[in-house]
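Engineer: Need a 3D model of the following:
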Amino acid sequence: MTPSRILLWSTGLLAILFLMAPVLAVLPLSFSAGSFLFYPLPGLSLRWYADFWSSDFWLPALWNSLRIGAAAALLAGSLGTLAAFGLWRAPFPGKTLIMAILLAPMVVPAIIVAVALLLAFGPLGLTNSFTGLVLGHSALGAPFVVVTVLAALQQFDAVQLRAAASCGASPARAFWRVCLPQIMPGVAAGGVFAFATSLDEVAVALFIAGPAQRTLPRQMFSGLNDSISLTIMAAAMVLVLISGLLLLAVTLLKRRQ
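Structural biologist: Residues are numbered from 1 along each chain as shown. The predicted structure is shown next:
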């Protein structure tokens, strides 16, 4: 191995350790036999995981997060794919402006998006509802779908659509039978990113969700405000494991593509 390659690998490993250090420092507390956030650990125990899986607050919050995330990923994947295909296929005036509007939720602070959704959904009766929360999370996840699908479309040959049209296929059928199967890894990767965005989101949940729509990040936020319990560390460990599985899924989808 050349010195330049050793330097590259060393720099990458140091960067990974720097990013993972806060997580690695906190997660062992989920196995603590004590009741406070301190080191050294007084002992090892799974009591906080047992409390998490038997709780009337944490477990429903986890299922809400998974259910809302799946619905938001499906909606964001559908709308984001159609938007990306339209931007890629049809050049028109103002295309750059529309692209900027679609990607705005990626750069606008989440608290601003949450306030805007509250003002928009309030008169429509979509606050304190799963529908409003799914729509809000879809708006946050759709830009990731647009980006990944546009990247996948750059590798797609548009001549295939003209060939399908010459064989009598309608535009919708050509997209469904010819284009979509080839860009599906990009669509799926965008859906995974949308799911991860929904799973980690707390600002919109604080403004839009009611008691019945309490998600896991919101429950963690409430737990930090009310009384600090090491069950929060167990919940954090669950989120880290789910995030790791999502990262593995994206890696497999990129290899397939």
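Engineer: tell me what the one helix or strand Ile101 maps to is packed against?
Structural biologist: If you go by DSSP states H and E, Ile101 is part of helix 95-107. Applying 3 or more CB pairs under 8 Å, 6 or more residues apart in numbering; DSSP states H and E, one finds that helix 95-107 contacts helix 58-89, helix 130-153. Using the backbone N, CA and C atoms, a C-beta is placed for each residue, glycine as well.
Engineer: Distance of the closest residue to Met237 other than its chain neighbours relative to Asp51?
Structural biologist: Leaving out its chain neighbours, the residue that sits closest to Met237 by CB to CB, 6 or more residues apart in numbering is Ser30, at 4.8 Å. In this view, Ser30 and Asp51 are 11 Å apart by CB to CB, to the nearest Å.
Engineer: still on that earlier bit, of the helices and strands packed on helix 95-107, which stretch is the most buried?
Structural biologist: helix 130-153 (a mean of 24; mean count of other CB atoms under 10 Å).
Engineer: you'd agree Leu199 is up against Ile242?
Structural biologist: Yes. If you go by CB atoms under 8 Å, Leu199 and Ile242 touch, sitting 6.5 Å apart.
Engineer: Show me which of these two is the more surrounded one.
Structural biologist: Between Leu199 and Ile242, counted using other CB atoms under 10 Å, Leu199 has the larger neighbour count: 23 against 19.
Engineer: residues in contact with that one?
Structural biologist: 65-66, 69, 216-217, 239, 242-243, 246 (CB atoms under 8 Å, 6 or more residues apart in numbering).
Engineer: What's the separation between Asp56 and Leu62?
Structural biologist: Asp56 is 12 Å from Leu62, by CB to CB.
Engineer: go on, Ser45?
Structural biologist: When Ser45 is compared with Leu62 (using CB to CB), they lie 21 Å apart.
Engineer: Any stretches of the chain with poor pLDDT?
Structural biologist: Applying pLDDT under 70 to the chain flags the ranges 1, 225-227, 253-257.
Engineer: count of residues packed around the closest residue to Arg89 other than its chain neighbours?
Structural biologist: Computed as CB to CB, 6+ apart, the closest residue to Arg89 that is not its neighbour in sequence is Ala158, at 7.5 Å. Applying other CB under 10 Å, we find 11 residues neighbouring Ala158.
Engineer: Name all residues that make contact with Pro181.
Structural biologist: Pro181 sits next to no residue when contact means CB under 8 Å, 6+ apart.
Engineer: Would you check how far apart it and Trp48 are?
Structural biologist: 45 Å.
Engineer: next one: Leu135
Structural biologist: Taking CB to CB, one finds Leu135 at 34 Å from Trp48.
Engineer: Select, out of the helices and strands packed on helix 95-107, the one closest to Leu17.
Structural biologist: Across the helices and strands packed on helix 95-107, Leu17 has its closest neighbour in helix 130-153 (26.3 Å, CB to CB).
Engineer: tell me the angle of the closest one relative to helix 58-89?
Structural biologist: 40 degrees (axes from the mean of the first three to the mean of the last three CA atoms, to 10 degrees).
Engineer: Just list what helix 130-153 packs against, helices and strands only.
Structural biologist: Where contact means 3+ CB pairs under 8 Å, 6+ apart, helix 130-153 is packed against helix 58-89, helix 95-107, helix 110-121, helix 180-200, helix 203-208.
Engineer: Now do the helix or strand just after it: distance to the chain's middle.
Structural biologist: Where DSSP H and E defines the elements, the next helix or strand beyond helix 130-153 is helix 159-166. In terms of CA atoms, centre = their mean, to the nearest Å, the centre of helix 159-166 is found 35 Å from the chain centre.
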